[in-house]
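> need a 3D model of the following:
(chains A and B)
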Amino acid sequence: MGQATAAQVSEAVVSGSSVGKTFANGTVVALDDANFSIEKGSFISLVGPSGCGKSTLLRLIAGLIEPTSGALHLHGTRVDGPRQDVAMMFQRATLLEWRTAVENVLLPTEMRGKVTSADRDRAMELLKLVGLGDFAFSFPAQLSGGMQQRVALARLLQTGADVLLLDEPFGALDEFTRERLNIELLRIVGEIGATTIFVTHNISEAIFLADQVYVMTPRPGRIARVIDVPLARPRELSVQLSPEFNHLVEEARVTLGAL
Amino acid sequence: MAATAISRGMPRSGMSTGMRRILTHGGIFVALILAWEVGARTGFLDPLFFPKPSAILASFWRIYFVQGNIWYHLYVSLGLVFAGFAAGSILGIALGSLVGFNSLVRRFIKPYVIVLEATPRIAVAPLLIAALGFGAQSKIAIIMLVCFFAPFINTLSGVVNVNEEKLELFKSLGASKMQILRKLVLPEAVPVIMAGERLALTAALSGVLVAEFIQRDQGIGSLILVYTRNLNMASAFACIFTLTIVGFLIFKGMEILDRRIAFWNHEDGMARVGALRKGRWAKQAEA
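Predicted structure coming up:
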């Protein structure tokens, strides 16, 4: 790897060069030759049908799995396992049922050492930020699905990571709740200036949220196209009615062969 | 109170459904006992095997308050039950987690678990007596043997079937093996372990009887044997019904314990612990 490449890598927060991942004795190519570079503070959506490698790419960045070929870099250093500057949120809230909401938010801190009173204050603040200040001592079973995902979001932010990976985080919720949470997500990540990578199979959602949409296609999983989304921020739901928005949806659909 | 009872109850009788249910069940119960009493008095039921309920009641009075001999045997038997239960479940939980955490051990132990599961554990009881001799030790060993399996299997499955998504979360947070064990695997296995403990306690109650049937020196089991051999069926029945009550109390006790330990599966438990943790949090904030 030459001097120029190293400099290039350090500019982007997250980057991948020729990243490939093959599962099951080399027969399933989940991700093939992915090249990308993500700027600090940007919001990236990964969209595509199941099997296109979007979740695989997310897990590779999280360091949960290792690439079969190529390399991933985060803040200029190679990803070789889970690390503190990146955190992940899943489709299901995966809260610990025996912990209250605020104790769930504190989990990432506990993994790293002793919990200080500053950590506890921050956990409370984050619960307020996601609108659950009054539910800090409720258990997950006492919360609705949407509220559980809010707790998971607060826990994600508690990690302090500046690269957030979200794997269809609101996919299991009803459409109204999902839209509301998406808007809140935009507000929150904008506030803290995080770099966000968001996986979804919903094209409109992908475009609504993102600065850049990575359209991915299956067999083998590939980043088929990167679509820039020049819509102004802050965005409101009504932007989805605009002709520019619909043009972007059309572009994505054409790439996916779904039109 | 009266107003709510009327509004919820059947308009015809003016009684609440709960009250009606109690009356219905109570009525059926009394009718059954009466039929038994009449049957035994008229000779329709062989009084040797079905003593009159009134005679059983009299025996109850006698063995509890006149002779008072049952207390000692009850004390002995319950002592054995809890000793055997404690030993069996500790061993079961410990071995279950050990096997569960170690995939290598798990692979090798599986056939033996299947063999052990297929063998009636009671069959080994005489061997235990031969090895440990007569006395409390071999009795406890028998109870331990019948108690061991449910906690072992439940702990094993609880530990092995850890939620994959939560595991991935912990890994993404960079959790150590020990943290995964302490903060995820064990707490998550608690409800299923508790279910195993319930089965074990029920098994322990049967186990103590088997142990005392074999070594009839003392305890409720041997008391039942003695009474039956003397054709004092009323007293034998009094002992059996005593066991019914003990079994019921033990079952209820386990239920209460389960609600306290696996509190997050119960609405009232969550409310209680939630308030408790809120108080603790406030105290920590002050300090």
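
> list the contacts for residue 200?
Just so you know, I chose chain A. When contacts are counted by Cβ atoms under 8 Å, 6 or more residues apart in numbering or on different chains, residue A:200 touches A:45-47, A:168, A:171, A:206. In short, each C-beta sits where N, CA and C put it, glycine included.

> let's do chain B instead
Counting by Cβ under 8 Å, 6+ apart, residue B:200 touches B:85, B:88-89, B:92, B:147-151.

> helix/strand/coil for residue A:196?
Assigned by DSSP: H, G, I helix; E, B strand; the rest coil, the conformation of residue A:196 is strand.

> quick one on the thing from earlier: farthest pair in the contacts of residue B:200?
For the contacts of residue B:200, the farthest-apart pair by Cβ to Cβ is B:85 and B:149; their separation is 12.5 Å.

> these two: which has the busier surroundings?
Of the pair residue B:85 and residue B:149, residue B:85 is the one with more neighbours under other Cβ atoms under 10 Å in any protein chain shown, namely 27 against 20.

> so that one makes contact with residue B:204?
Yes - with contact defined as Cβ atoms under 8 Å, residue B:85 counts as touching residue B:204 (4.2 Å).

> find residues that contact each of those two.
B:143, B:147.

> before we move on, the earlier item: tabulate the contacts of residue B:200 in TSV, adding columns for pLDDT, distance to residue A:37 and secondary structure.
Output for these, formatted as TSV (pLDDT from 0 to 100; distance: Cβ to Cβ, whole Å; DSSP: H, G, I helix; E, B strand; the rest coil):
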residue	pLDDT	distance to residue A:37	secondary structure
B:85	96	63	helix
B:88	95	61	helix
B:89	94	57	helix
B:92	93	55	helix
B:147	93	61	helix
B:148	92	59	helix
B:149	91	58	helix
B:150	92	56	helix
B:151	94	54	helix
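
> out of these, the closest to chain A would be?
Lowest distance from chain A to the contacts of residue B:200 (Cβ to the nearest Cβ) belongs to residue B:151, with 19.6 Å.

> neighbours of the closest one, how many?
Neighbours around residue B:151, by other Cβ under 10 Å: 29.

> and for the one 4 residues further on?
Applying the criterion other Cβ under 10 Å, we find 27 residues in the vicinity of residue B:155.

> look at it and report its pLDDT.
On pLDDT, residue B:155 comes in at 93.

> for residue B:189, see how far away it is.
Relative to residue B:189, residue B:155 is positioned 6 Å away (Cβ to Cβ, to the nearest Å).

> again with residue B:254
Relative to residue B:189, and taking Cβ to Cβ, residue B:254 is found at 17 Å.

> the more surrounded of those two?
Using other Cβ under 10 Å as the criterion, residue B:254 and residue B:189 rank with residue B:189 on top: 24 against 18.

> next, count neighbours for the closest residue in space to the more buried one that isn't next to it in sequence.
In space, and not counting its chain neighbours, residue B:189 is closest to residue B:158: 3.0 Å by Cβ to Cβ, 6 or more residues apart in numbering or on different chains. Residues lying near residue B:158 (other Cβ under 10 Å) number 25.

> in terms of pLDDT, where does residue B:158 sit?
What the model reports for residue B:158 is a pLDDT of 91.

> C-terminal to the strand or helix carrying it, what's the next element?
Under the criterion of DSSP states H and E, residue B:158 resides in helix B:136-160. Following helix B:136-160 in sequence order, the next helix or strand is helix B:164-172 (DSSP H and E).

> CA-only coordinates of the following helix or strand past that next one in PDB, if you can.
Going down the chain from helix B:164-172, the next helix or strand is helix B:177-180, by DSSP H and E. Coordinates of each C-alpha in helix B:177-180 appear next as PDB, following Å, rounded to 0.1, in the frame of the first residue of the first chain:
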ATOM      1  CA  LYS B 177     -16.000 -14.000  28.200                       C
ATOM      2  CA  MET B 178     -16.500 -13.400  31.900                       C
ATOM      3  CA  GLN B 179     -18.800 -10.400  31.300                       C
ATOM      4  CA  ILE B 180     -20.800 -12.300  28.800                       C
END
